[in-house]
Structure formats: structure tokens, C-alpha cells
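Visitor: Sharing a sequence plus its predicted fold:
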Amino acid sequence: MQSIGQHAAWQRHHRRLCKKLSTFLSMAQFQPGDQSVQSQSLLLCHLLLEHFSDLGGGALQQGIEIGANGGTVEHISERNVLLSLLPHPEPQQSPPLPLFLAKEHSHELIQALSSRSVNNDWVIYSSSLHPIGHGVFPRASRYFNHSCSPSAVQVYTFDEAGPIMHIKALKNLSAGEEITVTYIDPAHPYDVRKKALDSTYGFECHCRKCQSDKELLPSISVPPSSDAIVSLYPTLIRHVIPSLELTGTSEALPEVDPILPPHLLTLLSPSHLPYLSEAFSKAAHSETPKEETHGLGLALLAMYFVIYPPYYPLIGRSFALSISHRFTCSLTPMRLALS
């Protein structure tokens with residue numbers, strides 16, 4: 001379905017950009033390896049071509065007026081919904097644009113749309129949970145606030161029009177309870193999340209997870225060695241997922257205890273999760289004994305239970321990876337995360 005969406009986009013406007021893409025991306029404004037600026041530029045190009053190619057800069061004032069007057073979202077055009085989104089609170093320099101787009105649109109429109117695209121940029125994930133692009137989903141930006149401990153998660157499907165965002169609850173929600181999603185990966189350490197949210201979206205998160213992580217920071221020490229880390233994994237697994245059955249069938253996640261005791265807090269060190277992920281990946285693609293690989297997978301699964309809310313998709317992915325080395329296990333992990 002992704003290829004169908006790409007074909008439709010090509011017919012609508014991408015061919016205008018793609019003819020000039022290699023020249024555009026080789027401009028001096030782009031530093032080698034600066035994927036962030038490139039993605040911002042391409043996203044802005046897409047928004048201008050998709051929603052403003054027939055109006056130039058003339059839609060700017062109309063769009064802001066409609067948004068400011070509280071018009072019903074369902075009854076105003078996509079471009080006006082875009083321009084009614086909150087801009088980044090700090091002045092933003094627009095990313096580079098191909099010359100033909102810079103000439104077609106006013107500086108005022110480009111600046112307004114750029115500030116809003118930066119502040120409402122969503123990472124698009126494939127069905128295998130790998131990031132494949134960026135997009136602006138105006139209604140999602142208007143309806144769902146951020147939390148590092150969200151009550152829902154965004155997943156994507158694809159049709160001929162492009163990616164479609166679906167919001168799926170991670171828990172039972174009470175009437176009137178706010179539905180929150182996360183704008184960033186909640187696996188990042190507190191200080192990394194704080195910096196990312198401030199620089200990208202211009203706010204500080206005060207959710208339950210942030211408050212807890214902030215209080216724990218002074219108690220988290222850097223593990224002295226990789227051997228010391230690995231020696232903690234059996235205790236970690238027994239503590240977090242004591243009821244995990246490795247045989248039989250189940251469609252329910254095991255009972256977990258995501259609160260680590262003091263002697264395991266070192267595993268929350270910012271350097272630990274990347275270390276464990278890499279160790280498991282190397283073991284899974286080498287001749288490492290199956291039991292050792294499986295142990296690393298379960299440790300990674302336990303850490304995901306600590307870091308992510310229940311039924312978060314990455315837990316399901318880790319579940320699938322960690323049990324794939326046990327031929328006696330017949331669980332259906334991805335259904336756990338996405339059903």
C-alpha cells in the first residue's frame with residue numbers, strides 16, 4: 001500500500017520536486033549528514049505543493065482568521081486547518097526551498113507554514129515499527145496532547161492517498177479522561193526527552209513519568225562494567241516479569257512490576273538500553289548460544305516493560321524477538337501490542 005500512496009503523490013506533485021531533488025539536496029545550505037534540516041525542507045516542500053500550489057501566498061490571512069475564530073475543523077479546508085495549528089513559540093528560520101517554490105509563494109506564507117510544520121511534525125512508522133518518514137497530521141495535533149506516559153499510541157496504515165494515522169488506546173479509558181499520545185520516544189532518558197520537547201515543540205512535560213524520572217536521577221549510577229550489567233539481568237527478569245510463561249499459548253501480557261528496586265536502578269542509566277539493544281541484535285545475528293540470546297531478549301523485554309506503558313507496540317516487537325529463539329513457544333506477540 002505504501003507504493004500506491006507514493007504513486008498517487010507522484011501524479012499530484014512529487015514529479016515537480018523530484019526532477020530537481022538531487023540538485024536541491026546538494027545545496028550548500030545542507031551540511032553533510034544533516035538529516036534533520038533535509039527532512040524539514042522536504043516536509044515543507046510537500047505541504048506547499050500538496051495544499052498551496054493553486055493559491056500561492058493568498059491563503060495565509062484567510063487560514064489564520066478561520067482558525068482564530070474557532071471554526072469547526074471538519075468544515076474548513078485542510079490548508080486552513082494547517083495554518084490554524086500552533087506555531088513554534090520561538091522564531092524559526094525556514095529551511096531551504098527549491099527556487100521554483102520560493103518564487104511561487106510569499107515569504108509570509110513560507111514562514112508561517114514552516115513554523116507550524118516544525119511544531120507539528122510526526123514521525124511515520126512502518127508496520128514493522130521502523131521510522132520511514134515525517135508528516136503533519138493537523139487533526140491529531142489539535143486533538144491529542146503529549147505525555148511520556150501516554151494512554152494511546154499512533155500507528156499507521158497506507159492507502160492511495162498516503163499514510164493514515166490511527167490512534168489506539170493502550171488501556172481502558174474512563175468517560176471524560178484525556179487521550180494522550182507521545183510526540184517522542186519515551187525510552188529516551190529524562191534529560192534527552194526534556195531537551196527534545198523544548199527544542200522541537202517549545203514546552204516542558206510534567207507527566208507522571210517525567211516527575212518520577214526527575215526524582216530518580218540522583219539515584220542512577222553508571223554501571224561499572226558490562227559484566228556487572230549482565231549479572232543483573234536474571235534479577236531484572238524475575239522482578240519485572242515473574243509470571244512469564246515460555247510455553248503454551250496466550251493473548252494476554254504477563255503481569256509485570258515496572259518499578260525497579262534500588263539495586264536495579266543502575267539499569268536506567270542512559271547508556272544501558274542502547275548497550276542492551278546492540279548486544280541482543282549482535283547475538284541474534286551470530287552463532288551466540290540460543291539460551292544466551294534468549295536471556296538478552298528477555299532482559300530487553302523487561303526493560304521495555306519498565307520504560308513503556310503496557311501494550312505499547314515496541315513491547316510486542318521485543319516480545320516477538322525475544323521468544324523467536326525458543327521453538328517451544330507459540331505466543332502471538334504482535335497481536336498483544338496492536339489489537
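Guide: In hand now; what should we look at? Numbers count the residues shown, from 1 in each chain.
Visitor: Return the residues in contact with the closest residue to Glu178 other than its chain neighbours.
Guide: Once flanking residues are discounted, Glu178 sits nearest to Asn145: 6.8 Å by CB to CB, 6 or more residues apart in numbering. To be clear about C-beta, it is placed using only N, CA and C from the backbone, and glycine gets the same treatment. Going by CB atoms under 8 Å, 6 or more residues apart in numbering, Asn145 touches 178, 180-181.
Visitor: Could you do Leu42 as well?
Guide: His134.
Visitor: which of the residues in whichever strand or helix holds it are buried?
Guide: Using DSSP states H and E, the element containing Leu42 is helix 35-51. By neighbour count on 16 or more other CB atoms under 10 Å, the buried set for helix 35-51 is 38, 40-51.
Visitor: What's the local residue count around Ser219?
Guide: Here the number of neighbours of Ser219 (other CB atoms under 10 Å) works out to 10.
Visitor: distance of it from Ser269?
Guide: Computed as CB to CB, to the nearest Å, the Ser219 to Ser269 distance reads 11 Å.
Visitor: for Lys171, same thing?
Guide: For Lys171 relative to Ser269 (CB to CB), the value is 28 Å.
Visitor: Equivalent analysis for Gln92, please.
Guide: 34 Å.
Visitor: Then Ser199?
Guide: From Ser199 over to Ser269 (counting by CB to CB), the distance is 23 Å.
Visitor: Between the two, point out the one with more neighbours.
Guide: Taking neighbours as other CB under 10 Å, Ser199 and Ser269 compare with Ser269 leading, 15 against 11.
Visitor: isn't the more buried one right up against Ala228?
Guide: No. Between Ser269 and Ala228 there is no contact under CB atoms under 8 Å: 11.2 Å.
Visitor: what is in contact with the two at once?
Guide: Counting by CB under 8 Å, 6+ apart, nothing touches both Ser269 and Ala228.
Visitor: circling back: return a PyMOL selection command for the buried portion of the contacts of Asn145.
Guide: Those of the contacts of Asn145 that count as buried under 16+ other CB under 10 Å are selected in PyMOL with:
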select buried, resi 180+181
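Visitor: Format the contacts of Asn145 as JSON lines; extra columns: pLDDT and distance to Ile259.
Guide: Shown next, in JSON lines, are those (pLDDT from 0 to 100; distance: CB to CB, whole Å):
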{"residue": "Glu178", "pLDDT": "94", "distance to Ile259": "24"}
{"residue": "Thr180", "pLDDT": "94", "distance to Ile259": "21"}
{"residue": "Val181", "pLDDT": "94", "distance to Ile259": "23"}
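Visitor: Now intersect the contacts of Asn145 with the helices, please.
Guide: Among the contacts of Asn145, no member is found in helices (DSSP state H).
Visitor: could you dump the contacts of Asn145 to a markdown table with distance to Leu97?
Guide: Output for the contacts of Asn145, formatted as a markdown table (distance: CB to CB, whole Å):
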| residue | distance to Leu97 |
| --- | --- |
| Glu178 | 37 |
| Thr180 | 34 |
| Val181 | 30 |
